[in-house]
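S.K.: The sequence isn't on hand, but the structure is:
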């Protein structure tokens, strides 16, 4: 079974973050399930592909270009780590992400083929503020940060 565009993008982003983090950090899990974050130890990162915007590529055609909205939640153990992690990730993400086509067999990656890049069109970041004393929050919610990306494959979809 082959993944479709959204799942290929999500898997490509997760794999990219895992690789980049492993080169400079240790013990940071990257997950795609928000609920899973609350089951594992800090620090951790959650990647969620959200909306896609499909824009007509040309008049008289059904072809579109796609922009993918991605949320990257950072769950740190203190404010310093939160700031360092978000700066590290922003530095890496601004250059884009390799986009792979994944072939899956029995729930495992059978193969992957490089098929371009996800270009970062826009990036915003902000700490998550719950308007509650940090000591009253769950440890995972005390030092959270959100990076929001708008990405493009730069290819026309027919």
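M.R.: Looks like it came in fine. Note that the structure is predicted; figures quoted are calculated from it, not measured.
S.K.: most centrally placed residue in this protein?
M.R.: Residue closest to the average C-alpha location in the chain (C-alpha atoms, centre = their mean): residue 47, at 3.9 Å.
S.K.: Report the contact partners of residue 73.
M.R.: 34, 37, 45, 46, 48, 128, 144, 145, 146 (C-beta atoms under 8 Å, 6 or more residues apart in numbering). All C-beta spots, glycine's among them, are computed from the backbone N, C-alpha and C.
S.K.: And for the helix ranked longest in the chain, what's in contact with it?
M.R.: Longest helix of the chain, by residue count under DSSP state H: helix 5-24. Applying C-beta under 8 Å, 6+ apart, the contact partners of helix 5-24 are 3, 28, 30, 32, 45, 47, 49, 52, 66, 68, 70, 72, 88-89, 92, 97-102, 109, 115, 118, 151, 153, 157.
S.K.: of the residues you listed, buried ones?
M.R.: Buried members of the contacts of helix 5-24, scored by 16 or more other C-beta atoms under 10 Å, are 3, 28, 30, 45, 47, 49, 66, 68, 70, 72, 89, 92, 97, 99-102, 118, 151, 153.
S.K.: Would you mind stating the distance between the residue of the chain most remote from its centre and residue 132?
M.R.: Note on the chain: the largest C-alpha distance from the chain mean falls to residue 60, namely 33.8 Å (C-alpha atoms, centre = their mean). Look at residue 60 and residue 132: by C-beta to C-beta, to the nearest Å, they are 54 Å apart.
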